[in-house]
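> Only the shape, not the letters, is given here:
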């Protein structure tokens, strides 16, 4: 998984590159040259207007303008103040042509926003924001350099109104705002240009997992035994069990007090006293929560699941019940559990959280001693040791009943296969979103089941 850098971490990485012998001017030239090539390939041969700010983001813009002009495009630059010194001033000098005032600039077919990038801490002046939106409205293609101007780097907040862009070109690594809402919805396609800066981070982007395919010595139990504990609403547990089977587990058992209809025949149904069934030592992962209910009987089932000693995936009603008890309810577990709350459930588990979605997920992971999968369009996975990962923008059609139950089943399959809790959660999030992409618009949760093997095949 590729690193994501905050504004401060990016400054450190740039400083290290400079200390190692790469000048700021060289980094700026690499950034502008790479961005110009991406713009040319994406937008074609239309006339270009580059908006340049007074800082290094504007310096990138001057390099972009010069490189596009060298490629034969018609290019104009509108500047919001001249850079006073340093690499940006040299880049403007190398541009060597006139600049326009932002307020009087006319739109062009292609708009390049290089006003402000990483590290912005306050919104644009209202007049500047209005000019940016006016010029964006008049463009056929809109490109943001590093980040759209008006976006906060670390939490994805909108500091001032931001137009929708078709392409965002960032440098070295993604920044949190490329993945976090509400900023992420304005980015369009996001590409990362390699400019020779090496970076490491405990925050990463969730990408396609690399999963081992079954080998000649594998059998059903070696591929992972996932169990699903059913409760009062069998449809939810049926979705979870079906997803675990389609998601790569070798053996799936649905533990229910009565037969559950509509699941694959390959899923073993086990009726009987839950405590005895959960004592099966070969169970590699146990999912509790989908359709569990919130009655005293549900409380007793949750207690049995927690006491069974298996690797746990906890979702839905299990999270509501746990929120009543507090983090101490998980303190004695043998294995690191995975909790998969949506926003409402997360608010119950961690009601006093502050900061960005990333901050809150990390705090909740530390408080609960669990891997937290904070679901949504910008799903965040956080571990108690500080590691975190952010998923790409999820298909909006996943906002449908039962899709979370499918994610629970896939997560249980990944955990049963032997992945660590953090890695299993990240793999499941990717597979879930990819299955939704394969299905397409107007999906329902059941549709994801047939797409999961296709998504899984892409990871082998």
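That came through fine. Keep in mind that what you see is a predicted model, and the values were worked out from it rather than measured.
> If the residue nearest to residue 357 when sequence neighbours are not counted is in a bridge, with which residues?
Closest residue to residue 357 apart from its sequence neighbours, by Cβ to Cβ, 6 or more residues apart in numbering: residue 380 at 5.5 Å. For the C-beta atoms, the positions are set from N, CA and C on the backbone; glycine is no exception. The residues paired with residue 380 through beta bridges, assigned by DSSP bridges, are residue 374, residue 390.
> Touching, residue 380 and residue 394? I think so.
No - judged on Cβ atoms under 8 Å, residue 380 makes no contact with residue 394 at a distance of 11.6 Å.
> Any idea how far stretch 432-451 is from the middle of the chain?
The gap between where stretch 432-451 is centred and where its chain is centred comes out at 18 Å by Cα atoms, centre = their mean, to the nearest Å.
> In contact with residue 23, which residues?
Residue 23 sits next to residue 87 when contact means Cβ atoms under 8 Å, 6 or more residues apart in numbering.
> If we use 10 Å, what do you get?
Contact partners of residue 23, counting by Cβ atoms under 10 Å, 6 or more residues apart in numbering, are 17, 29, 87.
> Can you convert those residues into a markdown table and add a column each for pLDDT, neighbour count and distance to residue 79?
Shown next, in a markdown table, are these (pLDDT from 0 to 100; neighbours: other Cβ atoms under 10 Å; distance: Cβ to Cβ, whole Å):
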| residue | pLDDT | neighbour count | distance to residue 79 |
| --- | --- | --- | --- |
| 17 | 96 | 20 | 27 |
| 29 | 98 | 21 | 19 |
| 87 | 97 | 20 | 16 |
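> Looking at those, which is nearest residue 181?
Sorting those by distance to residue 181 puts residue 17 at the head of the list, at 30.5 Å, by Cβ to Cβ.
> and the gap between the residue nearest to residue 357 and residue 44?
Computed as Cβ to Cβ, to the nearest Å, the residue 380 to residue 44 distance reads 36 Å.
> Have a look at these two and say which one is more surrounded.
Neighbour comparison, residue 380 and residue 44: the larger count goes to residue 380, with 29 against 12 (by other Cβ atoms under 10 Å).
> Who are the contact partners of the residue positioned nearest the centre of the chain?
Centroid-nearest residue in the chain, with Cα atoms, centre = their mean: residue 391, separated by 1.6 Å. Taking Cβ under 10 Å, 6+ apart as the contact definition, residue 391 lies against 179, 205-207, 373, 375-381, 426, 429-430, 432-433.
> same thing but 8 Å
Contacts were defined as Cβ under 8 Å, 6+ apart; by that measure residue 391 touches 179, 205, 206, 378, 379, 380, 381, 429, 430, 433.
> what's near enough to touch the residue nearest to the second one when sequence neighbours are not counted?
Of all residues not flanking residue 205 in the chain, residue 2 sits nearest, at 5.0 Å (Cβ to Cβ, 6+ apart). Contacts for residue 2 (Cβ under 8 Å, 6+ apart) come out as 173, 174, 192, 204, 205, 207.
> what's the answer for residue 210, then?
Contact criterion Cβ under 8 Å, 6+ apart gives residue 459 as the residues in contact with residue 210.
> Check residue 229 too.
In this structure, residue 229 makes contact with 237, 255, 274, 278, 286, 287, 288, 292, 301, 304, 305, judged by Cβ under 8 Å, 6+ apart.
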